Every structure is written in structure tokens, then in C-alpha cells.
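Q: I'd like to go over a predicted model; first the sequence, then the structure.
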Number of protein chains: 2
Amino acid sequence: MGIWFTEKQTDNFGITMKIKRTLHTEQTPFQKLEMVETEEWGNMLLLDDMVMTSTRDEFVYHEMVAHIPLFTHPKPEHILVVGGGDGGVIREVLKHSSVKKATLVDIDGKVIEYSKQFLPEIAGKLDDPRVDVQVGDGFMHIAKSEKVYDVIMVDSTEPVGPAVNLFTKGFYAGIAKALKDDGLFVAQSDNPWFKGELIRSVQRDVKEIFPITRLYIANIPTYPSGMWAFTIGSKQYDPLQVPESRFHSIETKYYTKDLHKAAFILPKFVQDLCEGDSESI
Amino acid sequence: MGIWFTEKQTDNFGITMKIKRTLHTEQTPFQKLEMVETEEWGNMLLLDDMVMTSTRDEFVYHEMVAHIPLFTHPKPEHILVVGGGDGGVIREVLKHSSVKKATLVDIDGKVIEYSKQFLPEIAGKLDDPRVDVQVGDGFMHIAKSEKVYDVIMVDSTEPVGPAVNLFTKGFYAGIAKALKDDGLFVAQSDNPWFKGELIRSVQRDVKEIFPITRLYIANIPTYPSGMWAFTIGSKQYDPLQVPESRFHSIETKYYTKDLHKAAFILPKFVQDLCEGDSESI
């Protein structure tokens, strides 16, 4: 059999995969960090025994976090990425020529360091001159920023450990303050099958602060249930009302102009979660 | 830890889940059949160590197999389900009042028998007077049928074991013959992440026989990669050109009128597979 890594995605369900070798293991001040080489997914980053990203399927998450909000905003110039130390979101952000500056704030400098070493296809753009990489607390960075950003992207871990503050109403209020008057944000919001209650509460909280609140989904095979959700909160621009002329050609493997719209068309039980009128499946 | 069942979805990747108890195990003439009670997904049918259906997530597959073709056809009256002995597709088919007769042909009578016993929420409509359940070879049934069916649904296992004939060009030619002049069919087509070559070859074969060939996807958390694909071949009606008036209200947990269209909007790499101009991811 060899060595297999199993992520328990719930108490009673998980994914399991064959490991070629472990590239690095370290307990950082914030979390357990492991870089492994897998047979199925290529190199992979694990934090606290959870799959964060792999070289084979990372394009889905990174494209879908970045391009939906960036094509929604007519001229995104100043971008903030909270978390995302692997650099994948930044790589996608830089595909938009309007972007003048992209600031990344990850609390764990080790994620950045080892992503550069072992995931160069993902982290390779962190040294671009338009990128300002800061090791620090994203919550505090947001709290001290005012009308600075066009788009904020929250690329956090799950709401346990270092990311717990990033799922609070106070954080969304801080984001609203840190955004310009026509800004918008996106946050990864876990999955509707196992975390319906979280999705519902994030939707409720964001709706109280942002006039436009939306949920969209993407298929990520190494994440729980394979269906991942993202919440958008926007002050002015609606991701469902993007004029055709705003789309410009970029190279992608998942995102398309048509998928931009289709990703918001939710299965009935997910729609019900957003409208707050259903229990979890 | 207790007892866990692991399905190896590829040589190097799988899902694993906690088993409360095994309800039934049997080697039928066609396959290994197991009914288990899982902690996460409720009762579950396994065939040859592969997850077929579970009471918690079965609605996705069964709704998406049935309702996309049935809302595409203006008046579906005679339906054939090949495979599908668990009865889930039949249950969804019967939600359409135009349906006069639904024939189910499954090669393995034991699947029908134990689904009725252990999955009554799924199999409960197999005794409906509109349903004709036949234990037999779906390939042969198709071969001897001519202009009989409005819609044929191929709810097969993977192209190994008893279902291997159901992925051949000869089978699709037989389906064309068995359908009326304005008929259409749907077949489950595995997943784009691990079986890109299969999806491409099915698309190619069906396109040679049917003027309208489409692929759509749905999220099924207990199936490999969480993204499942379905192929439609149609003589006349295009699932993307369904007039608004054709949709009538049915009770669903996944399918919606809007999702009917959105399910055909594919991620870029899946689109490329259908157009035959890309290698698998």
C-alpha cells in the first residue's frame, strides 16, 4: 500500500491519497504545515491536516476567487488578499492589467516561504513588482485600513485556528470600511453539504452590511464534498450584472465568461440555505 | 476508529467513510452487492466496492438524470431506464404527469430486491402501476426495440463488469433505433477529472449518431471528484432551447429551471474535452 494521507473532512467521512514523499514538515507558531508530493494531485500543501492546495487542481480555487470579483469591478487597481500565502490568488490577480498594486497579508510567513520552494507554479508571482507581501494579521490590517481597496479577497483556512476571526461580523464591517465606496469583497465560505449553517450565517451577516450579497460555487475535487462556496459582498457592482464589454481575454482552465454567470445558479438546497429557509441537507 | 469503507476512485485516491453496520452482502451472478448503513450518508448501495447511491445525496443524481431530458421533450410518454435498479430515476420520472409508462431493465434482480428492502425512500415507486420492471440485459432490450421510446435514460455502473457494453458506439446506434423520431437519451458519463478520455470518446461517438449532443454536470459528493457528467444525444429537441412554458412545477432538492441551463455551462477544461482539443487535466 505505501503511505496514505487521510483528511477527515467530517467525523465520519474523508478523502485519502497516496503520498510519494514528504517534502517538509513543521509546526509553525500558527499551525502544522506539511508539504507532500502526492501520486494523484502533484505537490500539495496541508495545514493542520487539511488540504489547502495542490498543483493539479489549484487552478479552480484560485481562478474562481480572483476573476469573479475582478471582472465585476470596472477598474480594479488596488487589491488586498488576506491569507493566500501560497500565492495562487495573486498569480490570477496579476492577469488583470488594470491592477496597479496587490497587497498580500498572510499571518504565517512559513506558508509563503515553503510555497515558493515547493509550489513554484503557484507562488511564482509573489515576487512581481506590483505585489506587496506582508507577514501579519489580516484582521488587524483590515481594521486599520480605510477606503483603500477596490477588491478584497479573503483566502483563509477554515474557521478554526488562526482564521477564526475572519468569519465574524466585525471582520465584514472592517472590510466595508477598508473598501472604497464602490468596492467589493469575496471570501471562501466552505461547502453546503457539511457546513450549511456556516454558509447561512455568513450570508446573513454580510447582507446586513453590503447592499449586494451573492453566493457562487465551484467544483474542487480535493475539498470536502467537491462543491465549494464563495460569498461576495459588494457596495455597488453586481457580479450578475456585468456588461459584456467588461470581459477581456485571459488564460484560464476553469473560469469562463459564461461560467461567471452560471456559478451563481445554485442547486435548490443551496439556494434555500442562502434564503435562510431550510435546514442543512 | 470502528469500521471504515474506502472506495479507491483511482489507484492513488479515494473516499473513506465510517460504517455503522452492514445490512446485506452478496455475490450476485453479476457483481458484489453490499448494503451498508453509514454515519455520514445514511443507507448506501455498493456494487463491486463502488458507491452507487446513498439516501442522503441520491437526489442529485436521480433528479439530474431524469428532469433535464424530461423537460427537454415536449410530451414524454414512454420512458426506458437501463440499469437504475435502485429505482431513484423511476421515482423522479413519475413526477412528470405526461409519462404513461416507464420501463426499467436492470440486469441484476438482486439490486432491485435489496433496494426495495433497504432503500425504500429511493425504490418506493418501483411498484407504481405505470412502471414495468424487467430483469434482463438492457443492451439486448435496446437492440430489439424500434421507435418505441420518447426518452431513454442510461443509469449504468462504470464501464467495467456488466455495464461494459453500455459505453459502445453500437449501443448508441441501438438507442437511436429504439427512440421515436423525436426522441432523446441521457447517459451517465463518469467524471472529467479522472475519466477525461471516456468523456471525449462518448462525445465523439454520440455526435456521429445524434444531431444534438450535449454534456452537463452536477455535484455528487460521494462520486469521484464530486463533479459528475451526463451526455445527452437528441434527434430533435435541444436541452438548451427549452421554451419557458414547458417547465412545470415539481418538487426537487437540486434541479431548478435555472440550473437546467446552468448545468450545461462547463468549466473551460471540461468544455475542451467535449471539443476534443485538449488532454485530460
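A: Received, thanks.

Q: what's the closest non-adjacent residue to the residue of the stretch 101-250 of chain A found nearest chain B?
A: Chain B sits closest to residue A:226 of the stretch 101-250 of chain A, with a gap of 1.4 Å, by Cβ to the nearest Cβ. From N, CA and C alone the C-beta is placed, and that goes for glycine too. Excluding its sequence neighbours, the residue lying closest to residue A:226 (Cβ to Cβ, 6 or more residues apart in numbering or on different chains) is residue B:226, at 1.4 Å.

Q: Excluding chain neighbours, what is closest to residue A:203?
A: residue A:274 (5.1 Å).

Q: for residue A:265, same thing?
A: residue B:262 (3.5 Å).

Q: who's in contact with the one you found?
A: Taking Cβ atoms under 8 Å, 6 or more residues apart in numbering or on different chains as the definition of contact, the neighbours of residue B:262 are A:261-262, A:265.

Q: Please flag which of the residues you listed sit within helices.
A: Among these, the ones falling in helices (DSSP state H) are A:261-262.

Q: and residue A:240, helix, strand or coil?
A: Following DSSP: H, G, I helix; E, B strand; the rest coil, residue A:240 is assigned to coil.

Q: what do you get for residue A:25?
A: strand.

Q: Verify the stated contact: residue A:107 with residue A:134.
A: No - the pair residue A:107 / residue A:134 is not scored as a contact, 9.9 Å apart, by Cβ atoms under 8 Å.

Q: if you count what's nearby, which of the two comes out ahead?
A: The neighbour comparison of residue A:107 against residue A:134 (other Cβ atoms under 10 Å in any protein chain shown) goes to residue A:107, with 26 against 15.

Q: show me what contacts residue A:163?
A: A:83, A:156-157.

Q: Next: residue A:233.
A: So residue A:233 contacts A:172, A:175-176, A:184-185, A:187, A:206, A:209-210, A:212-213 (Cβ under 8 Å, 6+ apart).

Q: can you confirm residue A:110 is in a helix?
A: Yes - membership of residue A:110 in a helix is supported by three-state DSSP.

Q: Now it. Nearest residue, chain neighbours left out?
A: Nearest one to residue A:110, counting by Cβ to Cβ, 6+ apart, is residue A:28 at 4.4 Å.

Q: Now residue A:80. Its backbone dihedrals?
A: Dihedral pair for residue A:80: phi -120, psi 130, per degrees, to the nearest 10.

Q: How about residue A:56?
A: phi -80, psi -40.

Q: Can you report how many residues lie near it?
A: Neighbours of residue A:56 (other Cβ under 10 Å): 17.

Q: That one contacts residue A:41, correct?
A: Yes - using Cβ under 8 Å, residue A:56 is in contact with residue A:41, at 4.5 Å.

Q: what's the distance between the residue nearest to residue A:110 and residue B:89?
A: According to Cβ to Cβ, to the nearest Å, residue A:28 stands 50 Å off from residue B:89.

Q: Show me which of these two is the more surrounded one.
A: Neighbour count, other Cβ under 10 Å: between residue A:28 and residue B:89, residue B:89 has more, with 29 against 16.

Q: List the buried residues in whichever strand or helix holds that one.
A: Assigned by DSSP states H and E, residue B:89 belongs to helix B:88-93. The neighbour-count criterion (16 or more other Cβ atoms under 10 Å in any protein chain shown) identifies B:88-93 as the buried residues of helix B:88-93.

Q: Would you map the helices across the stretch 1-150 of chain A?
A: Along the stretch 1-150 of chain A, the stretches classed as helices by DSSP state H, counting those that start in this stretch are A:58-72, A:88-93, A:109-118, A:120-123, A:138-143.

Q: Pull the residues that contact the fourth one.
A: It stands for helix A:120-123. Everything outside helix A:120-123 that qualifies as a contact, by Cβ under 8 Å, 6+ apart, is A:53, A:55, A:58, A:62, A:86-88, A:91, A:112, A:115-116.

Q: show me the contacts for residue A:175.
A: Residue A:175 is in contact with A:142, A:152, A:154, A:185, A:233, counting by Cβ under 8 Å, 6+ apart.

Q: A helix includes the fourth one, no?
A: If I follow you right, that is residue A:185. No - using three-state DSSP, the assignment for residue A:185 is strand, not a helix.

Q: one step back: off-centre distance for the helix holding residue B:89?
A: Distance of helix B:88-93 from its chain centroid, counting by Cα atoms, centre = their mean, to the nearest Å, is 10 Å.

Q: Would you mind putting the CA coordinates of that helix into CSV?
A: The C-alpha coordinates for helix B:88-93 follow below in CSV (Å, rounded to 0.1, in the frame of the first residue of the first chain):
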residue,chain,number,x,y,z
GLY,B,88,-34.3,6.5,-7.9
VAL,B,89,-34.6,7.6,-11.6
ILE,B,90,-38.0,6.0,-11.9
ARG,B,91,-39.2,7.9,-8.8
GLU,B,92,-38.2,11.2,-10.5
VAL,B,93,-39.7,10.2,-13.9
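
Q: Identify all contacting residues around it.
A: B:53, B:58, B:61-63, B:65-67, B:70, B:79, B:81, B:84, B:99, B:102, B:104, B:122-126, B:128, B:131, B:153, B:155.

Q: could you redo the last one with a cut-off of 6 Å?
A: With Cβ atoms under 6 Å, 6 or more residues apart in numbering or on different chains as the test, helix B:88-93 has contacts from B:58, B:62-63, B:65-66, B:79, B:81, B:99, B:102, B:104, B:122, B:125, B:131, B:153, B:155.

Q: on that earlier part again, got a markdown table for the contacts of residue A:233, with pLDDT and secondary structure too?
A: Putting these into a markdown table (pLDDT from 0 to 100; DSSP: H, G, I helix; E, B strand; the rest coil) gives the following:
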| residue | pLDDT | secondary structure |
| --- | --- | --- |
| A:172 | 95 | helix |
| A:175 | 97 | helix |
| A:176 | 98 | helix |
| A:184 | 98 | strand |
| A:185 | 98 | strand |
| A:187 | 97 | strand |
| A:206 | 96 | helix |
| A:209 | 97 | helix |
| A:210 | 98 | coil |
| A:212 | 98 | strand |
| A:213 | 97 | strand |
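
Q: Name the member of the residues you listed with the most neighbours.
A: That'd be residue A:184 among the contacts of residue A:233, by other Cβ under 10 Å, with 29 neighbours.

Q: Any idea what that one is bridged to?
A: In this entry, residue A:184 is beta-bridged to residue A:151, residue A:234, by DSSP bridges.

Q: so where do the strands sit in chain A?
A: A:3-10, A:13-27, A:32-38, A:42-47, A:50-54, A:78-83, A:101-106, A:131-135, A:149-155, A:179-188, A:212-219, A:227-234 (DSSP state E).

Q: Output the second one in PDB with nothing but the alpha carbons.
A: What follows is strand A:13-27 as a C-alpha-only set of coordinates in PDB (Å, rounded to 0.1, in the frame of the first residue of the first chain):
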ATOM      1  CA  PHE A  13     -16.100  10.900   6.100                       C
ATOM      2  CA  GLY A  14     -12.900  11.900   4.400                       C
ATOM      3  CA  ILE A  15     -10.600  11.600   1.400                       C
ATOM      4  CA  THR A  16      -7.400   9.500   1.200                       C
ATOM      5  CA  MET A  17      -4.500   9.700  -1.100                       C
ATOM      6  CA  LYS A  18      -1.100   8.100  -1.800                       C
ATOM      7  CA  ILE A  19       1.900  10.000  -0.800                       C
ATOM      8  CA  LYS A  20       5.200   9.700  -2.800                       C
ATOM      9  CA  ARG A  21       7.200  11.600  -0.200                       C
ATOM     10  CA  THR A  22       7.000  14.300   2.400                       C
ATOM     11  CA  LEU A  23       8.900  17.400   1.300                       C
ATOM     12  CA  HIS A  24       8.700  19.400   4.600                       C
ATOM     13  CA  THR A  25       7.000  19.200   7.900                       C
ATOM     14  CA  GLU A  26       7.000  22.000  10.500                       C
ATOM     15  CA  GLN A  27       4.900  23.200  13.400                       C
END
